[in-house]
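J.: when you get a sec, could you give me coordinates for this:
(chains A, B, C and D)
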There are 2 protein chains.
Amino acid sequence: MTSLPVVNQPVHRSGALLDQLARRVRLRGESVLAPLGLRPRHLIALTVLRDRSGCTQQALAATLEMDGTNIVGLLNDLEAESLIARRRSPEDRRRHVVELTDAGVKRLAKAEFALAAVEDEVFAALNEAQRETLYSLLQQALGGGEDIACVAAINE
Amino acid sequence: MTSLPVVNQPVHRSGALLDQLARRVRLRGESVLAPLGLRPRHLIALTVLRDRSGCTQQALAATLEMDGTNIVGLLNDLEAESLIARRRSPEDRRRHVVELTDAGVKRLAKAEFALAAVEDEVFAALNEAQRETLYSLLQQALGGGEDIACVAAINE
DNA sequence: GCTAATCATTGATGCAACACGAACCATCTA
DNA sequence: TAGATGGTTCGTGTTGCATCAATGATTAGC
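T.: Residues are numbered from 1 along each chain as shown, chains lettered A, B, ... in the order given. Have a look, this model is predicted:
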């Protein structure tokens, strides 16, 4: 190979940091979300569904990387409050197609608004531009991964 | 006010994304870490301790935002494998000062090396520069927060 | 049309990560 | 000397999952 001076940077694993930061958001977020009748994972599910409405439960399980049985319970919670709706898929009537309802969209917006203070606190050390950068990096990292699974599931 | 076109961006809450991405890393990381006798939270603790060796357990509890009693158990695990050492603080002999041992540093490096493949997979959609940006943003966000508590605890 | 395989659902069981409280010892502080 | 504080131990409870087993509805292979 070449004699390029391989920089050999000290690796910089983000995993632990990510975990820790997520924990902080979750801890504070829980108490903020509670009055809205939501838990962190509900919020995640709603967030995912906003972008990918019309997902199969299987595809949802894939993106959330959760067991199918747990998805059922989670959707039960959300459906009980009419935040999502399950329709049977026309092509394959075994499948349920999950969609965000208007109420769901509103509740999600409400939750995000309520979380503003929380994120301000957790991300206090970052300025506006940095937060935006962080957001788009996260979005990109997540989007690149299992997105395909969901889209494929829809299009097939 | 001015007639500047206020962009009114759609808020962009990173919380849910952060949670979701952290979950992915954790899920994959667990199986990689297991052979090393570590769990995710051990890795987090070691990571924190690398930067802030000589922390009081209280300060550690603050940064990790964990209950003091659980810190004890966590440190017991790490001490049992000689990855950390507890010394009594000279100024206040009630306090334990926690330090990373050489073995701890090595094990941590080993773990991070083992996690390379995991992060490559999870951050596949990000290039090298983006990953580095993400890392420093996370670092900055975390450092800005409870850091003070730890440093203050040491310096007082 | 009979027989798999598949999707969603329910229920049971279990584990691990905590939080929380009570009681204890050693130590510092007033 | 009395009271607060840091760490430790133990017990208890909760929650977020995974996992396994069983069922009903549907589709697909032959």
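J.: going by C-alpha atoms from here, please, whenever you check contacts or count neighbours.
T.: Will do.
J.: any idea where the helices of chain A begin and end?
T.: A:15-33, A:40-51, A:57-64, A:68-80, A:102-114, A:116-122, A:128-144, A:147-155 (DSSP state H).
J.: what residues does chain A have near DNA strand C?
T.: Counting by Cα under 7 Å from any atom of the strand, chain A comes close to DNA strand C at A:56-58, A:68-73, A:75-76, A:86, A:94-97.
J.: intersect these with the contacts of DNA strand D.
T.: A:68-70, A:94.
J.: quick one: buried ones out of the residues of chain A next to DNA strand C?
T.: Buried members of the residues of chain A next to DNA strand C, scored by 16 or more other Cα atoms under 10 Å in any protein chain shown, are A:56-58, A:68, A:71, A:75, A:86, A:95-97.
J.: so which pair among the residues you listed is furthest apart in space?
T.: A:68 and A:86 (15.0 Å; Cα to Cα).
J.: centroid-nearest residue for chain A?
T.: residue A:44 (3.7 Å; Cα atoms, centre = their mean).
J.: need the contact list for the residue nearest to it when sequence neighbours are not counted.
T.: Take residue A:44 and drop its neighbours on the chain: the residue closest to it by Cα to Cα, 6 or more residues apart in numbering or on different chains is residue B:16, 5.2 Å away. Applying Cα atoms under 8 Å, 6 or more residues apart in numbering or on different chains to residue B:16 gives the contacts A:40, A:43-44, A:47.
J.: can you redo these as JSON lines with pLDDT?
T.: Compiled in JSON lines, those are given as follows (pLDDT from 0 to 100):
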{"residue": "A:40", "pLDDT": "93"}
{"residue": "A:43", "pLDDT": "93"}
{"residue": "A:44", "pLDDT": "93"}
{"residue": "A:47", "pLDDT": "93"}
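J.: closest one to chain B out of the residues you listed, please.
T.: Proximity of the contacts of residue B:16 to chain B was ranked by Cα to the nearest Cα; the top entry is residue A:44 with 5.2 Å.
J.: circling back: pick the one among the ones next to DNA strand D among the residues of chain A next to DNA strand C closest to DNA strand D.
T.: When these are ranked by distance to DNA strand D (Cα to the nearest atom of the strand), residue A:94 comes first, at 4.3 Å.
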